[in-house]
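Chemist: based on what follows, work out the 3D shape:
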Amino acid sequence: DNNELATLRNRFKRDAEFLLRGTPSDDHEDKGHKEEEAKPLPLINRHSVFWIMASMAVTYYMDFLNVVMHDEHIKSFNIALWPVWSFFTPLILFTQFMGVVMLISLLG
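Modeler: Sure, this is the predicted structure:
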């Protein structure tokens, strides 16, 4: 049992040393891979646009600002939205949060 464990440990150690040393062909592939990584990401992507548009749609169709400003059930913000939208409250707030985060990421 100890002999098998020692053999396994030595094999992993040998494989790790081989991977750390690499081969000349690996060096060429690594340079090409690093050049690909150096390419900047686009500022606007589908993910950001989706969350910003979803946040705008929720704000418009749920009449979010009007309800927050004028509804009599709202005395504080998070908990008081529950009587207005019930189980949709976490979904609405999450969508608003993601829209704001994505908008800030586009600005910065």
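Chemist: and what about residue 74, helix, strand or coil?
Modeler: coil (DSSP: H, G, I helix; E, B strand; the rest coil).
Chemist: would you list the phi and psi of it?
Modeler: phi -90, psi 110 (degrees, to the nearest 10).
Chemist: so it makes contact with residue 81?
Modeler: Yes: with contacts counted by CB atoms under 8 Å, residue 74 reaches residue 81, the gap being 6.7 Å. In short, each C-beta sits where N, CA and C put it, glycine included.
Chemist: who's more crowded, those two?
Modeler: Set residue 74 next to residue 81 and count neighbours by other CB atoms under 10 Å: residue 81 wins out with 21 against 16.
Chemist: contact partners for that one?
Modeler: Contacts for residue 81 (CB atoms under 8 Å, 6 or more residues apart in numbering) come out as 68, 74, 89, 92, 93.
Chemist: lowest-scoring secondary structure element of the chain by mean pLDDT?
Modeler: Using mean pLDDT, DSSP states H and E, the weakest-scoring helix or strand in the chain turns out to be helix 24-38, at a mean of 57.
Chemist: cool, thanks, signing off.
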